[in-house]
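only geometry, no sequence info:
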């Protein structure tokens, strides 16, 4: 469950904070927001909420977190805090509340745990976060309500206004400062996987697409869907095809992001290629080298990396990729090039042979 989201605003020179509550009603299948309302708010604040929710929803629909039409209602009944009393939402004007509305909507709409957040910022066209006024007061209000581990989200255009003393106060209270340029970037930094938006150089040339290129990987939707369906029914799938057919790309940039979007529990994956295993004439030594290389493959910084916490009881689907069309070498060199699922300690060549009947082959043209 995500932490609370606080709307920040100013009254005179003082900053104020109010916790936003979000109710979402779902309708028929579709990709649109039917209505956005803010309980007790004036037209100005309702317009800001509508603008922010639509920009955030555009991302969530594109990323396939949502697939139904929605009705969204916000409420902010508890405007009293240490600075003020009886400040009602109908008295709030301006667009600086938009970023808080966007974050509150995302926190309520997705099944991901996000930190407690206090936010201020204008959400412009295309999800660009624009400069606001009164940052100092809103910063103080954020620190007054955020718990340890909370996050203060604000426009990157305002970052130079933060003093060293303010940064020190945030560090003392264990509050993360998150300057935001765009909604997509900000959500990714908060821990929400964003795989269908790409702002860097999109052309890969002859290089394979990797996990981080999922947002610009197209043309293998049918094969990706078929592999995901197979993995729902079988513990392992072997993808084979000629060199350069795109086996690595479809698995890393298609199937893995698809698995992560479908799973709300903990799913881990690792990538192991044959040259990652140090060869040795002694079978026992080479087996140990293989296990060590597989454990290392799971320790990566992408979403789904297991870090140093690997458990032999880890269960899940397994995915295997061959680099070229050729007979599989004998054990212990028969380990797959890419895998996701059971813990490395449990995946020995003997275990793989014992499960051979459960493995399904898929061939890429």
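Looks like it came in fine. Treat the numbers as computed from the prediction; the structure is a model and nothing was measured.

Residues contacting stretch 25-39, please?
45-46, 49-50, 53-54, 57, 61, 66-77, 89 (C-beta atoms under 8 Å, 6 or more residues apart in numbering). Placement of C-beta: from N, CA and C, glycine included.

Using neighbour counts, pick out the buried residues of that stretch.
By 16 or more other C-beta atoms under 10 Å, the buried positions in stretch 25-39 come out as 33, 36, 38.

Next, format those as TSV and append pLDDT and distance to residue 281.
Formatted as TSV, those follow (pLDDT from 0 to 100; distance: C-beta to C-beta, whole Å):
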residue	pLDDT	distance to residue 281
33	95	64
36	96	68
38	92	71
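
From those, pick the one nearest residue 184.
In terms of C-beta to C-beta, no member of these lies closer to residue 184 than residue 33, at 17.8 Å.

which SS class is residue 73?
Classification of residue 73 using DSSP: H, G, I helix; E, B strand; the rest coil returns strand.

What about it, how many residues nearby?
A total of 15 residues lie near residue 73 under the criterion other C-beta atoms under 10 Å.

Okay, and the beta partners of it?
Beta bridges link residue 73 to residue 23, residue 37, judged by DSSP bridges.

quick one: it and residue 40 touch, right?
No. Counting by C-beta atoms under 8 Å, residue 73 stays clear of residue 40, with 11.0 Å between them.

Okay, now the unreliable bits of the chain?
Within the chain, the ranges that satisfy pLDDT under 70 run 1, 12-13, 77-93, 196-201, 263-266, 301-303, 306-365.

Surely residue 99 is within a helix?
Yes. Counting by three-state DSSP, residue 99 is part of a helix.

From residue 130, how far out is it?
According to C-beta to C-beta, to the nearest Å, residue 99 stands 9 Å off from residue 130.

Between the two, which contacts overlap?
Contacts common to residue 99 and residue 130, judged by C-beta under 8 Å, 6+ apart, are 121-123, 155.

quick one: which of the residues you listed is most hemmed in?
Using other C-beta under 10 Å as the neighbour test, these are led by residue 121, with 32 neighbours.

distance of that residue from residue 8?
9 Å.

now do residue 32
For residue 32, the distance to residue 8 - C-beta to C-beta - is 29 Å.

what do you get for residue 111?
26 Å.

out of those two, which sits in the more crowded spot?
residue 8 (29 against 10).

hang on, the earlier thing: so which of the shared contacts of residue 99 and residue 130 belong to strands?
122-123, 155 (DSSP state E).

Return the closest of these with respect to residue 146.
residue 155 (17.8 Å).

my guess is that closest one contacts residue 122, does it?
Yes. At 7.3 Å, residue 155 counts as touching residue 122 under the criterion of C-beta under 8 Å.

bridging residues for residue 68?
Beta-bridge pairing for residue 68 (DSSP bridges): residue 29.

dump the residue contacts of it.
Residue 68 makes contacts with 26-30, as judged by C-beta under 8 Å, 6+ apart.

coming back round to it: just the closest of the ones in strands among the shared contacts of residue 99 and residue 130 to residue 173, please.
Nearest member of those to residue 173, counting by C-beta to C-beta, is residue 155, at 21.0 Å.

can you tell me which residues contact that closest one?
By C-beta under 8 Å, 6+ apart, the residues touching residue 155 are 99, 120-122, 129-132, 179-180.

Widest-spaced pair of the residues you listed?
Spatially, the most separated pair among the contacts of residue 155 is 122 and 179, at 14.0 Å (C-beta to C-beta).

quick one: residue 160 from residue 167, how far?
For residue 160 relative to residue 167 (C-beta to C-beta), the value is 12 Å.

who's more crowded, the two?
Regarding residue 160 and residue 167, a neighbour count based on other C-beta under 10 Å identifies residue 167 as having more, with 12 against 8.

Provide the secondary structure category for the more buried one.
At residue 167 the chain is in helix, as set by three-state DSSP.

Spit out the contact partners of it.
Contacts of residue 167 (C-beta under 8 Å, 6+ apart): residue 177.

re earlier: residue 99 and residue 130: who's more crowded?
residue 99 (31 against 17).

The residue lying closest to the more buried one once chain neighbours are set aside: what's it in contact with?
Residue nearest to residue 99 in three dimensions, not counting chain neighbours: residue 121, with 3.4 Å by C-beta to C-beta, 6 or more residues apart in numbering. By C-beta under 8 Å, 6+ apart, residue 121 lies in contact with 96, 98-99, 129-130, 132, 153-155, 180.

repeat that for 6 Å
Applying C-beta atoms under 6 Å, 6 or more residues apart in numbering to residue 121 gives the contacts 99, 129, 132, 154-155.

what would the residues you listed look like in a markdown table with distance to residue 256?
Formatted as a markdown table, the contacts of residue 121 follow (distance: C-beta to C-beta, whole Å):
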| residue | distance to residue 256 |
| --- | --- |
| 99 | 30 |
| 129 | 29 |
| 132 | 38 |
| 154 | 33 |
| 155 | 33 |
